[in-house]
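> build me a model:
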Amino acid sequence: MTEPTAKTFWFRVHFHDGKSLDYLAGHPLIAEKKARAAHPGGFVKKIKLIREEKPNAR
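I've put the predicted structure just below:
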């Protein structure tokens, strides 16, 4: 049997200092965790689901 794979989405995490980072994750909290690790000390303002297709996936 094959294991079900989790669907992933692109999320854009915005910080209060104006910086924003894009992450591929299955849940917005996972994207937030990745963004906090990449930008320590920053305060997350919002997390948005990116609806357009990203041709250059990281």
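
> for the closest residue in space to residue 10 that isn't next to it in sequence, give me its contacts.
For residue 10, ignoring the flanking residues on the chain, the nearest one in space by C-beta to C-beta, 6 or more residues apart in numbering is residue 50 at 4.0 Å. Backbone N, C-alpha and C define where each C-beta goes, glycine included. If you count contacts by C-beta atoms under 8 Å, 6 or more residues apart in numbering, residue 50 has them with 9-12, 22.

> most neighbours, which of the residues you listed?
Neighbour tally across those (other C-beta atoms under 10 Å): the maximum, 23 neighbours, falls on residue 11.

> for the strand or helix carrying that residue, packing partners?
Assessed by DSSP states H and E, residue 11 sits inside strand 9-15. The contact analysis (3 or more C-beta pairs under 8 Å, 6 or more residues apart in numbering; DSSP states H and E) places strand 9-15 against strand 20-25, helix 28-38, strand 44-49.

> the second one - contacts with which helices or strands?
I take that to be helix 28-38. strand 9-15, strand 20-25, strand 44-49.

> that concludes my questions; thank you for your assistance.
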